[in-house]
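Engineer: sharing a model that was predicted from the sequence below.
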Amino acid sequence: MSKIIAVTSGKGGTGKSTVCAGLGYTLAKQGHRTLIIELDFGLRCLDIMFGMENSIKYDLGDVLSGKKQALEAVSQVPMASNLSLLCAPKTLTTVNAEKIYDICRSVKKYFEYIIIDTGAGINSHVFEIVEQANLILVISTPDQVCIRDASLMSDEFYNRGNKSQRLIINKISKKVIGNALVANLDEIIDKVGVQLIGVIPDDFKMTVATGKGNPIPTDSEALRAFDAISKRLDGDFVPLTVKIS
């Protein structure tokens, strides 16, 4: 049975898609058959991050229209043999939660992890899509607007009965911790009100790699953070260590 993980955020710009790419990549490198389903309709980017911009034949729009079955529209990611991607369509498309779960049900026997890259923002279809996920990963940066939006979104998840939530704090650097945006990481955790599962440092090497569609360098601090989070998702005990530059 696949474990369905919904990755979401209260506003755009938190690096939600980068988190999906990092987790999918490291889970696959650890030997887990992993599928990422991208729901940023009209704003897809994971094909670029994985160096597949010119090789995507079919996408989620073809599945939703009935042109293709889900597995027929899934693309193998060249840089990670256990990783597959179902891209969002380039145009805006109407979708509902039941269609997304029909897709998950149709492919779950082929994958150990299904990561759903939800659209950003507090709207009804995001809440409906994540309702049946095994785990919700709420993404926030140290920015106060992102923190507040993550808190509002998490509260709504709890109100709807979605208790299985974890927080990932993204884009952390010494410039924003201490005298700048927040006093410390505990301030973010307390304001969002969700248990922390990992912290991703602001890493230029990761930014360059995903921007060019190259594999993430092995000496990337962000890659190490994603690797640790992936192991925690798989039930391993990995101490939370944060190296901030």
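Structural biologist: Noted; the coordinates are in hand. Numbers count the residues shown, from 1 in each chain.

Engineer: strands of the protein, residue ranges please.
Structural biologist: In the chain, the strands defined using DSSP state E lie at 3-9, 34-38, 75-76, 83-86, 113-117, 135-140, 165-172, 196-201.

Engineer: any chance of the ones you listed in a markdown table with mean neighbour count, mean pLDDT and distance to D227 as columns?
Structural biologist: Just so you know, the C-beta spots here come from the backbone N, C-alpha and C atoms, and that holds for glycine as well. Shown next, in a markdown table, are the strands of the chain (neighbours: other CB atoms under 10 Å; pLDDT from 0 to 100; distance: least, CB to CB, whole Å):
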| stretch | mean neighbour count | mean pLDDT | distance to D227 |
| --- | --- | --- | --- |
| strand 3-9 | 25 | 93 | 16 |
| strand 34-38 | 27 | 95 | 13 |
| strand 75-76 | 16 | 94 | 21 |
| strand 83-86 | 26 | 96 | 14 |
| strand 113-117 | 25 | 95 | 14 |
| strand 135-140 | 25 | 95 | 15 |
| strand 165-172 | 23 | 94 | 14 |
| strand 196-201 | 21 | 94 | 10 |
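
Engineer: quick one: the helices in this protein, in order.
Structural biologist: Ranges of helices in the chain, per DSSP state H, are 16-29, 46-49, 60-64, 70-73, 97-107, 124-130, 144-159, 185-192, 204-212, 221-233.

Engineer: picking that back up, now the strands of the chain in JSON lines, with distance to T18?
Structural biologist: Formatted as JSON lines, the strands of the chain follow (distance: least, CB to CB, whole Å):
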{"stretch": "strand 3-9", "distance to T18": "10"}
{"stretch": "strand 34-38", "distance to T18": "12"}
{"stretch": "strand 75-76", "distance to T18": "19"}
{"stretch": "strand 83-86", "distance to T18": "14"}
{"stretch": "strand 113-117", "distance to T18": "10"}
{"stretch": "strand 135-140", "distance to T18": "9"}
{"stretch": "strand 165-172", "distance to T18": "7"}
{"stretch": "strand 196-201", "distance to T18": "8"}
